[in-house]
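K.L.:
Sequence and predicted structure, then a few things I'm wondering about:
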Amino acid sequence: MRVSYEWLTELAGVEEMTPEHAAELLTMVGFTVDAVDRIDLSQILIGRVISQQPHPKSRNPLWVHEVDLGENLGRRQIIAGAPNAVPGSLVPVALPGVTVPNGKQVRDAVIAGLAGQGMLCSREELLLGEDAEPAIMLLDEGEPGRPLSSVIPPDAIFEVEVTPNRPDCLGHLGLARELAAASGKALRHDFMPRFQGDAEPLATDLLKVRIDDPDLCRRYIAAVVTDVTIAPSPRWLQRRLRAAGVRPINNVVDITQYVMLEYGQPLHAFDAARVGGDEIVVRRAREGEELACLDGVTRRLTPPMLVIADHDRPLALAGVIGGQESAVSDSTRNLVLEAATFDGVNIRATSRALRVRTEASSRFEKTLSPELALAGARRAAGLLEEIAHGSVHRGWPDLYPRPQEPVRVRMRPEKVDALLGVHVPLEEAETILRHLDFGVRVDPADGSWDVLPPVFRLDVGIPEDVVEEIGRIFGYDRVPATLPGRRREATGVYRPPADAQVDPARRAFTAAGFYEAVTPALVSGRRQERLGLADRALRLYNPVSEEADTLRTSLLPSLLQVLELNRNRGRGEAAVFETARTFLARQGDGDNPLPEEPWQLTAVGPGGASASEGRDAFQRLKSVVERALHDLGAPPAEYRRARPALFHPGRSAEVLSGGRKTGHFGELHPGLVREFDLPGRLVACELDLDVLLSARVQRSATELPRFPAVDRDLNVVVDAAAEAEMLLGTVREVGGPLLERLTAFDEYRGAQVPEGMKSVTLALTFRSPERTLTDSEVDGVMAEIRSALEQRHAARFRS
Amino acid sequence: MIEAQTLAEAAITEIKDAPDLGALERIRLDYLGRGSGRISALLESIGNLPKEQRPGAGKAANEAKRAVESALEVRAAELERGRLADLAEVEAVDVTFPAPPLPVGRIHVLTQVQRELEEILAGIGFAVEVGPEVETDWYNFEALNLPKGHASRDVQDTFFMSSDEDVVLRTHTSPVQIRAMERLQHPPIYVIVPGRVYRRDASDPSHTPTFMQLEGLAVDEGLTVGDLKGTLTYMCKSLFGEERRIRMRPHNFSYTEPSFEFDCSCGICGGAGCRSCGGDGWLEIGGCGMVHPAVLRNGGIDPERYSGYAWGFGIERMAALKYNVPDIRYFYENDLRFLETF
């Protein structure tokens, strides 16, 4: 909310306080002041325009003024772009070197060949409001050469953040109460004005009011004011409206605006002549009804929007915007002044459906106290009599179908210290509450409190709310910072955070050159479908864009996009991985409304250009997967040829750990890679972290061997399709307990071996735990192994 | 036995002139090699001599062998000393030559900052809890005292999974407050919840539709605003530096009472106000407050006996402040030039 410092401090009775101090106090009691714009007018001078000529050379509309700045400064030539500074006008002048309140610096300038010696200021430049079109601000009074601050008191504009629970502070009076309390004072104004009007006849005899929908309108007050004189508002009122960001229109409209900015209660004035049948009906709009609104737009209304109608048609959209026809105009003589309380949820729905948000609707949305309506009506009626010289009739129609229940919070005063963690003297706590217009009754029997919040505070209902009031005025900077802790039962155990348990795998991948990526979980459903990943995918009901309308079922496309981005930025060889949840619609119709969220580790890296480079990359990734599994503490990986979706049908495998499926890896399908702007081959793995973290093995040390090992290599030529695991299985079986370690390396196809065959070198290590093995003993086992390989796999041997 | 002595003298002369260990080895083989060596041959031939000559010849041949062996040993030691003395020149490498790169990879800066925060808060007894990212209306809103029609539940802010709006993408990590109270049941409860949350925000330098939040919840007997302040102070000082200060501004959230926003003093100006903090000396971090009694009740905790405090903030925001990241979107773009900075 835009707040005038001058208005605020006058209401709070702290006129001597600096704007910065006031802003700091408001911020620390819960009304964050986002900006303070000081309006310093002491450097701006008052000038009288002597002459005005169109600029002779400029093609833009410019005028050359001769301006009198009094005896000491004499006359200056000033060029300006608005036509309204006619000879005789009093205008604000900023001379070169001066910075005007909106931050603009004035310099000597030559404009289209003529020297300008200063600037004539607009309201906007002086932060004194807006004008309808580019115009120089014209002054009503002032002596040339004197500073502008001699006729306009200094002000500052605050941008204040008012939380939705405090609509009572969407007016200067509410904020003034807070500011006064924060500086240890009570507000000098009573909340409820006494004015009620005394003109005859009774207002209830002039106007009938009916509420058809008491659910949506909790209170409706209509004051009748006759014989008003429509005129511009007095200067002080215009100045305050402008400071708060409202453009003055006429005294009647200005008063309704002024009281809204003061009390936070929106008001509306109808031209009584336009209220057909002298009757106001608060009802739901009828299907197809239309209303020409004050902003010039004709809107089609539908139930359950609420309207203020006369005996046959709508006059205004309740709590949102008035109608054009019933609006106050220069010819208006009699008024109906409305002060009502509408249902916040309904106003918000209407405002959203029609896309019109006004100062009124944004206040009603937050649910206002119906007591505020009476205060606002009295205040506005009093001003209408005083300023617009109207006769306010006594006995206002005041329909209040659901009166506000008084609230009483019973609590122990000890609760204050117990919740805040600091000692607040009882007397100070009570004073704070009284400054905020709360009543406090101390029960003489047991010292407990009955706290009575003021009627405009609908947000206070429990002891914690009362403690908050005391705490924020007492000052949270006075609360010492402590850490909790007390003697407690020794239960529970330490478990590293689930995400931290994945760190060993993260380190295995980063050590191998993979970067961890974090990518958005919302992806394009259409793309996911094109990639064949739409099975069990979950679409959002209200996405923001097609690019992000579905929860991902796989991390792969996101990572491919990361590779694409990096390739376009000159990093073609990027390797990345991510750990995140994926989302799958739950199968079966159990009671659980929530989807499955498998936790995945997915990695993608370059796979070279050729088939053989691809095979090398496949092997390297396999090493990384094995290290990751080992470091996570999972059982060693086993592999099964498989054809997972998105993977190369001949170059991918399922990974098992401890016999459980934990994911798959291999080269990506060329068809998938082609979907992205990526050349060459890619290798990838997808691991299921939920499985891996649940399958950890207990490691156990063994006694170190005391006898030497014997190493043998065996070069085997077998059918090219034979899988290493078959050969190794045979060797393990025949080698028996003496075979300590076994692996294969140097897989070779080509000129050195016959067509359709490949050579593989097996590396064997033999050891006995009880004795040193002799050569002949090992030779014997090797011979058995050879013959088994010959028989079972038609193997031949090269030296 | 002239021959043995002559052979030994010849060998010793050669040994003294041997230029390196290789030459020395060749000399050793020439004289002492098994079978073929000249002194070895002499020793073997002794068996063929007449019986009375054998002791004399044997003694002479063995003496020759020992003399050669000891000369070999001396020369070998000499040569080794020389080789070590010359190491600096002979085996010199250019120590300034650029090293070949190891594979480079980095753990994402958001993970790093999350881990750091987890460790900091583990230090004062907070354990990590997790919960689902797709949530029910009850956990995400209703149980947190956010009734239907509340402004924060505005359709503008929340992603719904269905038209009945009963299942949502969680808009904050706070639903895990309720889940944690239900799971743990008996205070003391000290947990933190890092995780992804979703808002229907447009992307800009300080917003992304997906972001990481970290939530803290303490439920115990006698917890106070002071304890909340102490926790926040400890957390921010640990992460940003001991000179930092904390400011709590009263605010409004439906699930806490009293509620606050909390700020950390600017690291550049120390709170005096500068360009980087927008002039007021404070950097906005997140929201916090004392857990609302209705929320405790919804988690199955008796608010008459226990009180609680909770706080939450964006991990991106923390990481951006710690590392001067100019645009939150960097975290999700994954440009390696950005990732390798950390």
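P.N.:
That came through, no problem.

K.L.:
which regions of the stretch 401-550 of chain A sit below the pLDDT cut-off?
P.N.:
Judged by pLDDT under 70, the stretch 401-550 of chain A has no weakly predicted residues.

K.L.:
in it, which spans are helices?
P.N.:
With helices called from DSSP state H, counting those that start in this stretch, the stretch 401-550 of chain A shows them at A:414-420, A:426-435, A:463-474, A:498-501, A:503-511, A:525-530.

K.L.:
Just say helix, strand or coil for residue A:787.
P.N.:
helix (DSSP: H, G, I helix; E, B strand; the rest coil).

K.L.:
burial count for it?
P.N.:
The burial count assigned to residue A:787 is 12, neighbours taken as other CB atoms under 10 Å in any protein chain shown. Just so you know, the C-beta spots here come from the backbone N, C-alpha and C atoms, and that holds for glycine as well.

K.L.:
Would you enumerate the residues in contact with the residue lying closest to residue A:435 once chain neighbours are set aside?
P.N.:
Once flanking residues are discounted, residue A:435 sits nearest to residue A:181: 3.9 Å by CB to CB, 6 or more residues apart in numbering or on different chains. Contacts for residue A:181 (CB atoms under 8 Å, 6 or more residues apart in numbering or on different chains) come out as A:29, A:187, A:432, A:435, A:436, A:473.

K.L.:
of all the residues you listed, which comes closest to residue B:273?
P.N.:
Taking CB to CB as the measure, residue B:273 lies nearest residue A:29 of the contacts of residue A:181, at 20.4 Å.

K.L.:
dump the residue contacts of the closest one.
P.N.:
Per CB under 8 Å, 6+ apart, neighbours of residue A:29: A:178, A:181, A:182, A:472, A:473, B:250.

K.L.:
Could you do residue A:438 as well?
P.N.:
So residue A:438 contacts A:451, A:452, A:453, A:454, A:457, A:460, A:466, A:469 (CB under 8 Å, 6+ apart).

K.L.:
6 Å instead?
P.N.:
A:451, A:453 (CB atoms under 6 Å, 6 or more residues apart in numbering or on different chains).

K.L.:
how much space is there between it and residue B:244?
P.N.:
36 Å (CB to CB, to the nearest Å).

K.L.:
Residue A:575 now?
P.N.:
Relative to residue B:244, and taking CB to CB, residue A:575 is found at 37 Å.

K.L.:
Ok, residue B:125 next?
P.N.:
22 Å.

K.L.:
roughly how far is the helix or strand hosting residue A:602 from the heart of the chain?
P.N.:
If you go by DSSP states H and E, residue A:602 is part of strand A:599-606. Its chain's C-alpha centre and that of strand A:599-606 lie 31 Å apart, by CA atoms, centre = their mean, to the nearest Å.

K.L.:
ditto for stretch A:343-357
P.N.:
21 Å.

K.L.:
ditto for stretch A:273-290
P.N.:
That offset, for stretch A:273-290, works out to 39 Å (CA atoms, centre = their mean).

K.L.:
biggest helix in the chain, by residue count?
P.N.:
All of this refers to chain A. helix A:611-632 (DSSP state H).

K.L.:
meant chain B actually
P.N.:
Longest helix in chain B, counting by DSSP H: helix B:54-90.

K.L.:
So for residue B:125 and residue B:244, which sits in the more crowded spot?
P.N.:
residue B:244 (18 against 14).

K.L.:
Wasn't the more buried one part of a helix?
P.N.:
No. Under three-state DSSP, residue B:244 sits outside any helix and is assigned coil.

K.L.:
quick one: it and chain A, what's the gap?
P.N.:
Separation of residue B:244 from chain A (CB to the nearest CB, to the nearest Å) stands at 12 Å.

K.L.:
Assign the nearest residue to residue A:202 once chain neighbours are set aside to helix, strand or coil.
P.N.:
Leaving aside its sequence neighbours, residue A:202 sits nearest to residue A:395 (CB to CB, 6+ apart; 3.7 Å). Of the three states, residue A:395 takes coil according to three-state DSSP.

K.L.:
Tell me, how many residues neighbour residue A:395?
P.N.:
Residue A:395: 18 neighbours (other CB under 10 Å).

K.L.:
ok, now residue A:345?
P.N.:
14.

K.L.:
Just to check, it is in contact with residue B:150?
P.N.:
No. Contact between residue A:345 and residue B:150 fails when scored by CB atoms under 6 Å: they sit 9.5 Å apart.

K.L.:
Neighbouring strands - and their directions - for the strand holding residue A:602?
P.N.:
Strand A:599-606 has its sheet partners listed here by DSSP bridges as strand A:576-581 (antiparallel), strand A:682-688 (antiparallel).

K.L.:
Hmm, residue B:178 is touching residue B:299, no?
P.N.:
Yes. Counting by CB under 6 Å, residue B:299 is a contact partner of residue B:178 at 4.9 Å.

K.L.:
Which of the residues in the longest helix of chain B are classified as buried?
P.N.:
B:57-58, B:60-61, B:64-65, B:67-68, B:71-72, B:75-76, B:79 (16 or more other CB atoms under 10 Å in any protein chain shown).

K.L.:
quick check, nearest of the residues you listed to residue A:208?
P.N.:
Distances from residue A:208 to those, taken by CB to CB, are shortest for residue B:79, at 125.7 Å.

K.L.:
any idea how far that closest one is from residue A:280?
P.N.:
Distance from residue B:79 to residue A:280, by CB to CB: 119 Å.

K.L.:
Next secondary structure after the host helix or strand of residue B:4?
P.N.:
Using DSSP H and E, residue B:4 sits within helix B:2-17. With elements assigned by DSSP H and E, the helix or strand that comes after helix B:2-17 is helix B:21-32.

K.L.:
how far out from the middle of the chain is that following helix?
P.N.:
Relative to its chain's centre, helix B:21-32 lies at 55 Å (CA atoms, centre = their mean).

K.L.:
For chain B, see how far away the residue nearest to residue A:435 is.
P.N.:
12 Å.

K.L.:
Next, that residue: secondary structure please.
P.N.:
Residue A:181 - assigned by three-state DSSP - is helix.

K.L.:
Count the neighbours of residue A:727 for me.
P.N.:
The burial count for residue A:727: 22, using other CB under 10 Å.

K.L.:
any chance of the strands paired with strand A:599-606 in TSV, with mean pLDDT and mean neighbour count too?
P.N.:
As requested, these are exported to TSV (pLDDT from 0 to 100; neighbours: other CB atoms under 10 Å in any protein chain shown):
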stretch	mean pLDDT	mean neighbour count
strand A:576-581	97	24
strand A:682-688	96	25
